[in-house]
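Colleague: A predicted structure for the sequence below; I have some questions about it.
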Amino acid sequence: MIHKQLSLLGITLAALLFVSACNSNSENTQGDEQAETKTFQSVSGDVEIPAKSERIVTDIYAGEFLSVGANVVGAGSWIFGNPTLKEQLSEVTDIGDPVNVESVLELDPDLIVVMSDEHYEELSQIAPTIVIPYNTTTNIQDTVEMFGELAGAQEQAANFIQDFEEKAAQAKEEISGVIAKDATVGIYEITDTGSFWVFTDNGGRGGQALYNALDLDAPEIIQSEIIDTGEVKELSLEVVPDFAADYMFITDYNPDGTSDSLDTMESSAIWQDLDAVQNNRVFINDFDTFYPYDPISVSHQIDLFVKMIQERSEENGE
């Protein structure tokens, strides 16, 4: 299950990556310049990579690379479900999920970046391969900076960060008179099997946008048990009131459209008694749009959250 995998990864994988520039130029006997390289220290050891990559293949980090203007030629299947990146992925090749090594080989990449080391040995025979575990970075700024270093696109990374921070500041200003300073927000998900989850500030579903960019507060119990620990948590319906917030943002994971989990939850007496429900401050959001946590998607989510908060306030006559 996606949620349990993320929880385990968030607990067990906290490896730090850093880049050290060891650039060198040399000439061969014909006087031609060889490609400039640098050393990246990864969880798999030091890897020599191009100083500026031209053809990148990645399983899940397409959005991260695209945020710094890098040329992504191949990406894992699941990323193509992200509507925010649809246009930018139009000429990117689907390399499967899990990664199809033959598809990667055909793309002739000069850099491969993946979340898991499942095919590391095979992929590293094709091109320099970096493994970046889930939750390696915990905010957009560090994420963009790291992928800018990886791609050799530091200037583009700095520009993205500046634009992102300016957008966040403006967005906070736009909702400052709409949402009370002491109001709390929570991020949740209902699944097609009826499971109900509460999420962190770095597990997708809009956490980076709401908690970090917009600087909104979680209820104390979510802060201490979820955000501070980095764990997502499955809740039984009976304890949902303990984790409820003034504003509740819920992604509906219903991939084939046949689940009635959301309807069942919303019709329960426990749910109907929540303050957020009674005050019309529950938001049901599209999974594909709010699941991603790449910088481009998070930037788009800021706009969406500001709009829905403003429109709901007007609807409620506040």
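Modeller: Thanks, I have the structure now. Everything numeric in this text was worked out from a predicted model, so none of it was measured.
Colleague: quick one: low-confidence parts of the stretch 151-300 of the chain?
Modeller: When residues are selected by pLDDT under 70, none of them lie in the stretch 151-300 of the chain.
Colleague: So which residues of it form strands?
Modeller: 185-191, 196-198, 233-235, 247-253, 282-286 (DSSP state E, counting those that start in this stretch).
Colleague: quick one: the helices in the stretch 51-200 of the chain?
Modeller: Using DSSP state H, counting those that start in this stretch, the helices of the stretch 51-200 of the chain run over 62-66, 101-106, 120-124, 140-151, 154-175.
Colleague: hmm, who's touching the second one?
Modeller: Taking contacts as C-beta atoms under 8 Å, 6 or more residues apart in numbering, the residues outside helix 101-106 that touch it are 57, 74, 93, 94, 95, 96, 112, 119, 122, 123, 126. Where you see a C-beta, it was placed from the backbone N, CA and C, and this is true even at glycine.
Colleague: Which among these count as buried?
Modeller: Among these, those classed as buried by 16 or more other C-beta atoms under 10 Å are 57, 74, 95, 96, 112, 119, 123, 126.
Colleague: Pull the contacting residues for the fourth one.
Modeller: So that's residue 96. Per C-beta under 8 Å, 6+ apart, neighbours of residue 96: 76, 77, 103.
Colleague: ok, and the most crowded of these?
Modeller: residue 76 (21 neighbours; other C-beta atoms under 10 Å).
Colleague: Could you find the closest non-adjacent residue to residue 291?
Modeller: residue 204 (4.9 Å; C-beta to C-beta, 6 or more residues apart in numbering).
Colleague: Can you give me the neighbour number for that neighbour?
Modeller: 23.
Colleague: just residue 250 next, same as before
Modeller: Neighbour count of residue 250, defined by other C-beta under 10 Å: 24.
Colleague: got it, and residue 41?
Modeller: Residues near residue 41, counting by other C-beta under 10 Å: 14.
Colleague: gap between it and residue 47?
Modeller: Residue 41 sits 8 Å away from residue 47, going by C-beta to C-beta, to the nearest Å.
Colleague: what's near enough to touch residue 163?
Modeller: The contact partners of residue 163, by C-beta under 8 Å, 6+ apart, come to residue 299.
Colleague: is the residue lying closest to residue 285 once chain neighbours are set aside in a bridge, and if so with what?
Modeller: Among residues not flanking residue 285 along the chain, residue 251 sits closest, at 5.1 Å (C-beta to C-beta, 6+ apart). Following DSSP bridges, residue 251 is listed with bridge partners residue 189, residue 285.
Colleague: mean confidence score for whichever strand or helix holds residue 41?
Modeller: Assigned by DSSP states H and E, residue 41 belongs to strand 37-42. Averaging pLDDT along strand 37-42 yields 90.
Colleague: what lines up beside that strand in the sheet?
Modeller: Strand 37-42 is paired, per DSSP bridges, with strand 18-20 (antiparallel), strand 45-50 (antiparallel).
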